[in-house]
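Colleague: quick one, fold the following:
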Amino acid sequence: MTEDFYDLLDVPADASQDEIKTAYREQVRVYHPDHNDDDRARAQFTAVKKAYDILGDPVERQAYDRLGHEDYVAKRTSGLPSADVWQSSDSGDETSDADEEPERATATAGAGSGASAAGESGSTSTTDSRSSTGASAGAASSASTAGSSASAGTTSSSNAAGTSGTTGTGSTGTRTAGRTTTGTTGTTGSTGTSASNADASAESEPGGFGDNAVVRWWRRQNFSLPLIWLSVVVYLSGLGHFASANQSGLEALRVELAAAGTDPDALATTLSSGRYGIDSSVTYLTAFELVAPPLEGTMWYAALAGAVGLTLLTLLGVRAYRDGDTWGPVSIDETIVVALAVTATTVLVGGPLLAGAVLMPMLFAVIVRHTRRGPGWKPSYLYVLPVLAPLVGFGVAAADAATLAVDLAALVVLPIVGGLGLPLRATIRKHFGW
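Modeller: Alright, predicted model coming up:
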């Protein structure tokens, strides 16, 4: 369980400001909605932003260290998810307006009751604030107080003379979720803008590419589960085509298996005695021709491989231009683009059977990795092993070592039974929480 903001950012309590900033950037790459579409990651991203707003500001960090995590959260950051729900909250990555109002009220009350001492204010204040005793609820502060309100029955007197990296007059307040909340009419400093705004994607800025309904809808979707289901469906459609192309041979095999009954020895003899006219997987893939190749032999396969390579280079170029980091974690959007390129090229070579055999291990591995990086469920990489079986079967058949039993195990039993494990488990967890 995450214990405090230092633990959340994965830095020691004595970390430098540069170390905190670096850790924050790494967390953003993991949990930002542009890179992680898991619903739970949005809550984590909100908490990470708020942690950096506090620890990234030396003045607020000093107050946080002095008060301790629990007292600081209770007094200064109303509405922040508590430490025990950071890893599982389903809230969005932005605080709603309704939640922000209590934060503003808390910040104002904290300023008026004298909770902020020298160095705790979010901006420079040169005004002596003296709050008189209120005999009833809503008693106002003295005329010399700028923007501080006294609560019912409270008496406080403090000279708020703090300094920070910003300038302004008569302003007191608390930073919340990347904003400076002020209870005065004075000028606020530039630290009111969270550094996380600079790290967020430029496409999300108002008026930018991301500021339209279609892009916002797309980013709210979680395509992980549909992608793995799609890869399974593509493979099953390939098996269906393989069965239709070998219908007579499969009928002969069915008759022989029916004659063998339930005797294990008889069944084993039937499966090992011949192929009954059923093509091997490599023979089927070689004979498949969706369209007539416009190029001859090796040139055609090289062109298809080049198309996939060009797609990868384009994605790397976009990364370098947008993020300046070409080797970061693969996003779901990038996975979708690569999957489309791989599907188009492999279908032209060997039909949906080859496309599914390539897509399943690729998508399973990427999405398992993608899910494990986020909060919550950590699926095992063992889910990937069964869907590798068709590729292994193709290799065995290419070496002319495949029997009918090997083909059935590698192309039918393992990929179907094992391949359904991950999407079924994810679907059950999504709808029932098991």
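
Colleague: burial check on Phe223, number of neighbours?
Modeller: A count of neighbours around Phe223, defined by other CB atoms under 10 Å, yields 15. Yep, even glycine has a C-beta here, placed from its N, CA and C like the rest.

Colleague: phi first, then psi, for it.
Modeller: phi -90, psi 0 (degrees, to the nearest 10).

Colleague: my guess is it contacts Ile332. True?
Modeller: Yes - the pair formed by Phe223 and Ile332 meets the contact definition of CB atoms under 8 Å, at 5.3 Å.

Colleague: show me where pLDDT drops low in the stretch 301-434 of the chain?
Modeller: For the stretch 301-434 of the chain, applying pLDDT under 70 flags the ranges 375, 433.

Colleague: show me where this protein has its strands.
Modeller: 129-131, 156-158, 173-176, 179-182 (DSSP state E).

Colleague: mean confidence score for the third one?
Modeller: Regarding strand 173-176, the rounded mean pLDDT is 38.

Colleague: what's the answer for the first one, then?
Modeller: Here the mean pLDDT over strand 129-131 is 35, rounded to a whole number.

Colleague: and the last one, by the same measure?
Modeller: Here strand 179-182 scores 36 as its mean pLDDT.

Colleague: just read off the phi/psi values of Pro33.
Modeller: In this entry, Pro33 is assigned phi and psi values of phi -60, psi -20 (degrees, to the nearest 10).

Colleague: and it, what is it in contact with?
Modeller: The contact partners of Pro33, by CB atoms under 8 Å, 6 or more residues apart in numbering, come to Ala41, Arg42, Phe45, Asp93, Arg219.

Colleague: so what's the residue count around the closest residue to Lys378 other than its chain neighbours?
Modeller: The shortest distance from Lys378 to any non-neighbouring residue, by CB to CB, 6 or more residues apart in numbering, is to Arg372 (4.9 Å). Applying other CB under 10 Å, we find 13 other residues in the vicinity of Arg372.

Colleague: and Arg372, how far is that from Arg429?
Modeller: To Arg429, Arg372 is 14 Å away according to CB to CB, to the nearest Å.

Colleague: how about Leu391, nearest residue that isn't a chain neighbour?
Modeller: In space, not counting the residues next to it along the chain, Leu391 is nearest to Ala357; the distance is 5.6 Å by CB to CB, 6+ apart.

Colleague: could you do Val291 as well?
Modeller: Among residues not flanking Val291 along the chain, Leu348 sits closest, at 6.7 Å (CB to CB, 6+ apart).

Colleague: quick check: that neighbour touching Phe288?
Modeller: No - contact status for Leu348 versus Phe288: not in contact, 9.4 Å apart, counting by CB under 8 Å.

Colleague: mind giving me the domain ranges of this protein?
Modeller: What automatic domain parsing lists as the domains of the chain is 5-206, 222-432.

Colleague: need the contacts of Pro33 in JSON lines (columns: distance to Asp57).
Modeller: Putting the contacts of Pro33 into JSON lines (distance: CB to CB, whole Å) gives the following:
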{"residue": "Ala41", "distance to Asp57": "24"}
{"residue": "Arg42", "distance to Asp57": "23"}
{"residue": "Phe45", "distance to Asp57": "19"}
{"residue": "Asp93", "distance to Asp57": "20"}
{"residue": "Arg219", "distance to Asp57": "28"}
